[in-house]
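S.K.: Sequence first, then the predicted structure, then my questions.
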There are 2 protein chains.
Amino acid sequence: MTTDSLSRQAIIDAALAIIDSDGVDGLSMRRLGKHLGVDPKAVYYYVPNKAALFDRVIDALYDEMALDQLEFTGSWRADLAAFATRLRDVLRRHPRTLMVFATRPGAVIAYAGGAENALTRLQDAGFTPRQGLTMISCVRSLTVGLLIAELVEPVGASSDSTIEPMADYPVLTSAISGGFDADEQFRVGLSALLDGFAAAEPKAVHH
Amino acid sequence: MTTDSLSRQAIIDAALAIIDSDGVDGLSMRRLGKHLGVDPKAVYYYVPNKAALFDRVIDALYDEMALDQLEFTGSWRADLAAFATRLRDVLRRHPRTLMVFATRPGAVIAYAGGAENALTRLQDAGFTPRQGLTMISCVRSLTVGLLIAELVEPVGASSDSTIEPMADYPVLTSAISGGFDADEQFRVGLSALLDGFAAAEPKAVHH
DNA sequence: ACCTGAACACCGTTCAAGT
DNA sequence: ACCTGAACACCGTTCAAGT
């Protein structure tokens, strides 16, 4: 509950911990202060406002992903899959940060190191930087989009979710029966997307 | 500002209008009441709480999409593209609802009518209901994911977005120069995804 | 049936002041 | 340099009461 002395890092760690356990809405400056054993306003000495605090939490997630340390194989296809998987694994460890993460605008900037590597890799394979960016952007969007569908709690937790009569929808019912397998959807969807990009693959510039 | 008499529909319309103009965070029960020329708590007579209000707003968006009225062509590929485009067009008309929309869990249920049609269509093409659901889910996730990257404002509007030194990232810089074309990314990404699914297309059961 | 008053338990943030 | 007190302008929601 209490820490010896306040520090920027301790604040960010506490914020992430609170989001992990109580969700984004569970993080208030006041609860954060209590968690740190300090007056809520003490935080403002280290961080200008709540938005900036969110930014720092997301930075911590990117650090955990270590996208700039992805090892490249001989295949850009495998490399993009590794990128998506790394992204997905970290976000699955912090499911409740997902909406903050997804809506961070600096997203592209924040993993600039990783993106640069990946783009270079795709350029070597003959794609233009613009094509490469589209590919990365789509891989990221598919991954994040599927994660949101899988594990986010709604922006104002839903209420009257009376599951409607599914009797009118036999095919849908049959599709859902047997469970909604998020891992399978990710695997299949990512494969399809990469297959599609591969079909448009130009001659390699060198290799 | 003021309406003759309060009604459930007037409340939902006002809520959507406020979100459209001021964002999700701009919608408070108190501001909603002011907008309707009524005590904020009057709303509680028509809607149990704010979460339910969000649910009704999203229902309104699904109505606007009219997914169950999509006309089917001879090609499941074209049909899925039409689905994605319809989804995207409506969300681009209401960009600030996006996060609420994306995180609505009943998503699958809410467009059950459209989903049933699409799944039947894919089943005719030889895909199992489970495969069909994966395809729809991926198309939706890619579409929503790209939209989020394109036009959402962050969950606590970002602050210190000092664009970092991009000098270290020449390929990334070159990829971004010439503009970040969201329409192109959507077109290319969706094509790739559908191409990938098509590559796995089984023999048609009939046709 | 439809709306309001009073009240409760919360928010983020500023700014001057304390140590 | 680091933290707090007082204060401001907000929240969602309940519940009894008014018409």
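M.R.: Now that the structure is in, tell me what you want to look at.
S.K.: what mean pLDDT would you report for the longest helix seen in chain A?
M.R.: Scanning chain A for the longest helix, with DSSP state H as the assignment, gives helix A:129-151. Helix A:129-151 carries an average pLDDT of 94.
S.K.: what comes up buried for that helix?
M.R.: A:129-150 (16 or more other CB atoms under 10 Å in any protein chain shown). (Glycine included, C-beta is placed from N, CA and C.)
S.K.: Any residues of chain A in contact with DNA strand C? List them.
M.R.: By the rule CB under 7 Å from any atom of the strand, the part of chain A lying against DNA strand C is A:Leu27, A:Ser28, A:Met29, A:Arg30, A:Arg31, A:Pro40, A:Lys41, A:Tyr44, A:Pro48, A:Asn49, A:Lys50, A:Ala51.
S.K.: In helices only, show me these.
M.R.: Short answer: those in helices (DSSP H) are A:Met29, A:Arg30, A:Arg31, A:Lys50, A:Ala51.
S.K.: wait, the third one sits on A:Ile19?
M.R.: When you say that, I think you mean A:Arg31. No - at 10.8 Å, A:Arg31 does not count as touching A:Ile19 under the criterion of CB atoms under 8 Å.
S.K.: the more surrounded of these two?
M.R.: Taking neighbours as other CB atoms under 10 Å in any protein chain shown, A:Arg31 and A:Ile19 compare with A:Ile19 leading, 22 against 15.
S.K.: For that one, which residues are in contact?
M.R.: Shown in contact with A:Ile19 (CB atoms under 8 Å, 6 or more residues apart in numbering or on different chains): A:Gly26, A:Leu27, A:Val57, A:His94, A:Arg96, A:Thr97, A:Val100.
S.K.: In the helix or strand in which it is found, which residues are buried?
M.R.: Taking DSSP states H and E as the criterion, A:Ile19 maps to helix A:8-22. Using 16+ other CB under 10 Å as the test for burial, helix A:8-22 gives A:Ala10, A:Ile11, A:Ile12, A:Ala14, A:Ala15, A:Leu16, A:Ile18, A:Ile19, A:Asp20.
S.K.: And the first one, how close does it get to DNA strand C?
M.R.: Summarising the geometry, the distance separating A:Ala10 from DNA strand C, computed by CB to the nearest atom of the strand, to the nearest Å, is 18 Å.
S.K.: Who are the contact partners of A:Phe72?
M.R.: A:Asp79, A:Asn117, A:Arg121.
S.K.: Which pLDDT does the model give it?
M.R.: pLDDT at A:Phe72 comes out at 89.
S.K.: Can you verify my assumption that A:Arg88 contacts A:Gly145?
M.R.: No - when contacts are counted by CB under 8 Å, A:Arg88 is not listed as touching A:Gly145 (11.3 Å).
S.K.: just the strands in chain A please.
M.R.: With DSSP state E as the criterion, chain A has no strands.
S.K.: Where does pLDDT dip in it?
M.R.: A:1-4, A:105-112, A:153-166, A:203-207 (pLDDT under 70).
S.K.: Excluding residues flanking it in the chain, which one is nearest whichever residue of it sits closest to DNA strand D?
M.R.: Nearest residue of chain A to DNA strand D: A:Asp39, at 2.7 Å (CB to the nearest atom of the strand). When the adjacent residues along the chain are set aside, A:Asp39 lies closest to A:Gly33, with 5.7 Å between them (CB to CB, 6 or more residues apart in numbering or on different chains).
S.K.: Please report how far the one you found lies from A:Tyr45.
M.R.: 12 Å (CB to CB, to the nearest Å).
S.K.: How about A:Val24?
M.R.: 23 Å.
S.K.: quick one, which of those two is more surrounded?
M.R.: Comparing A:Val24 with A:Tyr45 by other CB under 10 Å, the one with more neighbours is A:Val24, at 19 against 10.
S.K.: ok, A:Ala149 - contacts?
M.R.: A:Ala182, B:Ala107, B:Ser137, B:Arg140, B:Ser141.
S.K.: Present the residues you listed as TSV; the columns should include distance to A:Gln69.
M.R.: Formatted as TSV, those follow (distance: CB to CB, whole Å):
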residue	distance to A:Gln69
A:Ala182	26
B:Ala107	35
B:Ser137	31
B:Arg140	32
B:Ser141	27
